[in-house]
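A.B. asks: Next input, structure requested:
(2 chains)
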Amino acid sequence: MRHGFTALLWAATVLALSFLVVPVAAIFLRVPPGELVSALGSSVARDALRVTLVTTLVAQVAILLVGTPAAYVIATRRFRGRTLLVTLVELPLVLPPAVAGIGLLAAFGRFGLLGGTLSAFGLEIAFTRIAVVLAIVFVAGPFFLRTAIAAFEAVDTTLVDASRTLGAGPARTFARIALPLAAGGLGAGAALSFARGLGEFGATIMFAGSLQGVTQTLSLAVYEQFDVDFDTALAIGAELVLASAVLLLAVKLIPSWRRSPQSFPTLSARSLSS
Amino acid sequence: MATLTAELSHPLRSFALELSLEVGAETLALVGPSGAGKSTVLRALAGLLRPARGRIVLDGDVWLDRSRGVDVPPELRSVGLLFQDYALFPHMSVRANVAYGTRELRTVDELLERFAIGHLARARPGEISGGERQRVAVARALARSPRVLLLDEPLAALDAHTRATVRGELHELLAGLELPVILVTHDFEDALTLADRVGVLVDGRLRQLGTPGELVAAPADPFVARFTGANLVPGVAVAGADGLTEIILDAGGSMWSTEILTGPVALTVYPWEIALSREVPSDSAVNHVRAPIGRITALGNRARVTVGPLVAEVTAASVERLALAEGEPVVASFKATAARLVPLA
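C.D. replies: You can find the predicted model right below:
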């Protein structure tokens, strides 16, 4: 009876793991590695990589520059409607990508809410590279914002108070106390949003289209290529798997690497005195 | 001569803080039960909390005046605040912590040496002991050459053994500072050793303010008496024979005091004014309690012995000489002059 149960547990575990691993492995096993690498040399793959790198990096910089101070304010100030605000921040996380895309079109498209104003300044956003960046910021930004808020909330407020009484103003206190102490969480949040931005598909294809060399990112190229040239689609897929794996590893490692020298003060104090 | 004056008024959970203080170059201990508003006072003085109403002035510099909209931010107030858990920056070395509030590298070196933490300069706060952390925190607070020093429970985070040592160090330090120092503590012994004056804060109000000696000699109310370590025995005071006051105890029996008072009172007597003997002694003590010993707690060369409603503090030698043991009957005696009366509301 006990053996039967243990066997059942293991069977479920093996089934779950193999189901998760097989599709990823298939990407690498179907085509020999040499052909995968040469498929990456095609113009579609190279253009997609370039568009992805540029748009993801620009989006990531925007997310960090605007998101970090915003997260600090939300984490450290108590004001009416704060809970509602945090919920709003998290909404894009659960929004279906298609809804995000239609929302962005409704806001920034030519006939959208802000489209007329933008047109007056000669700005057309939809179906340009800016649209790709906006789509990534919209769907990936909340991943950073949410983690960053939690990271700033975890900073001991007495340390902030101590900094103030030691003569440091709010800006210096932010730079020397809050930012370094939240750095682990901020790094993890950045890696998460980077990974989400890299895989962005639904909102981008609706809001920016899939124009090779302009708005076609790696994810979009996989979709475009799979009935044209399956090997190229696989090669781009493999590229994305590797990038995602690196980012996932970063998310796992950054916080513990930041925390390790300082996390258990009592423990290290004891080990030193003994 | 530095003088800090503060008038503060701020609503707390179930009462309001209403406080007026004037502190010269001395150490004032604020004592009282937890939640009495002690830390709120320090936070308001440091500028970390904006009181509903109030005025804080140091030597003519107005730090806070709510009626005129003045509220100088903490970084411009020149206050050294020692936090209860020291609040050392965990991501910085000891040296960087001490140097945080000053640009004078020489000051930092001097402080590291003065507080004997030079050898720890490169260690992180997480790697040093509690006593060392306390010294780093004090050095860091002093590096800025503050004009007021505020200490929030400076000894609470330490174990009993370290506490005595650090208390001695702190005593020496405070004696050498020509600054208004406000020290928050819930330990009367800390207040006794460290402070020139003690203010008892209960429910946001200053119940009594005086030297430690004055508080012990004439506690204003039962809280102050219990805080200073006195025994409290409730009863009703009536005029008795020989000009003494007789206290008819609520628990039965009588005691005598030289203080003149009538009505419901708490008789207070300090443990070290109570003598123990096997038989009722023939000396001048008029108050005797004969009861089995409840508990004997050894405290080094002293012992606290519970006899009925009283705790007596005697030398360890006399515990041995009288062969005192828990459960054995004993007589606790004290003079009528040692019995102080505190009116009960």
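A.B. asks: Contact partners for the closest residue to residue B:24 other than its chain neighbours?
C.D. replies: With CB to CB, 6 or more residues apart in numbering or on different chains as the criterion, residue B:24 has its nearest non-adjacent residue at 5.1 Å, and that residue is residue B:3. For the C-beta atoms, the positions are set from N, CA and C on the backbone; glycine is no exception. Neighbouring residues of residue B:3 by CB atoms under 8 Å, 6 or more residues apart in numbering or on different chains: B:22-24, B:58-59, B:180.
A.B. asks: ok, residue B:230 touching residue B:221?
C.D. replies: No: if you go by CB atoms under 8 Å, residue B:230 and residue B:221 don't touch, sitting 11.6 Å apart.
A.B. asks: Neighbour count for the two, which is higher?
C.D. replies: Counted by other CB atoms under 10 Å in any protein chain shown, residue B:230 and residue B:221 do not tie: residue B:230 has more neighbours, with 22 against 17.
A.B. asks: tell me the pLDDT at that one?
C.D. replies: Looking at residue B:230, its pLDDT stands at 83.
A.B. asks: Quick check: chain neighbours aside, which residue is closest to it?
C.D. replies: The shortest distance from residue B:230 to any non-neighbouring residue, by CB to CB, 6+ apart, is to residue B:268 (4.1 Å).
A.B. asks: just to revisit the earlier point, quick one: which of the contacts of residue B:3 is nearest to chain A?
C.D. replies: The shortest approach to chain A among the contacts of residue B:3 belongs to residue B:58, at 14.3 Å (CB to the nearest CB).
A.B. asks: Tell me who's in contact with the residue nearest to the closest one when sequence neighbours are not counted.
C.D. replies: Of all residues not flanking residue B:58 in the chain, residue B:4 sits nearest, at 5.1 Å (CB to CB, 6+ apart). By CB under 8 Å, 6+ apart, the contact set of residue B:4 is B:21-23, B:45, B:56-58, B:148, B:180, B:182.
A.B. asks: List only buried entries from these.
C.D. replies: B:21, B:23, B:45, B:56-58, B:148, B:180, B:182 (16 or more other CB atoms under 10 Å in any protein chain shown).
A.B. asks: Check these and tell me the two furthest apart.
C.D. replies: Pairwise distances across the buried ones among the contacts of residue B:4 peak at 14.6 Å for B:57 and B:182 (criterion: CB to CB).
A.B. asks: Please tell me how far the residue nearest to residue B:58 sits from chain A.
C.D. replies: With distances taken as CB to the nearest CB, to the nearest Å, residue B:4 is found 15 Å from chain A.
A.B. asks: beta partners for that residue?
C.D. replies: Beta bridges link residue B:4 to residue B:23, residue B:58 when assigned by DSSP bridges.
A.B. asks: Show me where the stretch 101-250 of chain A has its helices.
C.D. replies: A:115-120, A:129-153, A:157-165, A:170-173, A:179-198, A:202-207, A:218-225, A:230-259 (DSSP state H, counting those that start in this stretch).
A.B. asks: for the stretch 201-345 of chain B, same thing?
C.D. replies: Under DSSP H, counting those that start in this stretch, the stretch 201-345 of chain B gives helices at B:212-217, B:222-227, B:316-321.
A.B. asks: what residues does the stretch 101-250 of chain B put near chain A?
C.D. replies: Contact residues, the stretch 101-250 of chain B versus chain A (CB under 8 Å from any CB of the partner chain): B:101-102, B:124-130, B:140-141, B:143-144.
A.B. asks: Which of those has the largest number of neighbours?
C.D. replies: Going by other CB under 10 Å, residue B:140 tops these with 29 neighbours.
A.B. asks: Give me every residue in the stretch 51-200 of chain A lying close to chain B.
C.D. replies: A:156, A:158-159, A:161-169, A:176-177, A:180-181.
A.B. asks: just for the chain, where's the confidence low?
C.D. replies: I went with chain A, as the question did not name one. A:1, A:255-274 (pLDDT under 70).
A.B. asks: wrong one, I was asking about chain B
C.D. replies: Residue ranges of chain B with pLDDT under 70: B:1, B:345.
A.B. asks: Could you pick out the longest helix of it?
C.D. replies: helix B:160-176 (DSSP state H).
A.B. asks: Can you report how many residues lie near residue 218?
C.D. replies: No chain in the question, so chain A it is. Per other CB under 10 Å, the neighbour tally for residue A:218 reads 24.
A.B. asks: that's the other chain; I wanted chain B
C.D. replies: Using other CB under 10 Å, residue B:218 has 15 other residues around it.
A.B. asks: again with residue A:175
C.D. replies: Neighbour count of residue A:175, defined by other CB under 10 Å: 11.
A.B. asks: Please apply the same query to residue B:199.
C.D. replies: Neighbour count of residue B:199, defined by other CB under 10 Å: 23.
A.B. asks: and if you look at residue B:11?
C.D. replies: Per other CB under 10 Å, the neighbour tally for residue B:11 reads 11.
A.B. asks: Check the one 5 residues further on too.
C.D. replies: Burial measure for residue B:16: 16 neighbouring residues, criterion other CB under 10 Å.
A.B. asks: Not including adjacent chain positions, what is the nearest residue to it?
C.D. replies: residue B:204 (5.5 Å).
A.B. asks: Just confirm that neighbour contacts residue B:36, I think it does.
C.D. replies: Yes: here residue B:204 lies in contact with residue B:36, judged by CB under 8 Å, at a distance of 6.7 Å.
A.B. asks: If the residue nearest to residue B:230 is in a bridge, with which residues?
C.D. replies: residue B:232, residue B:340.
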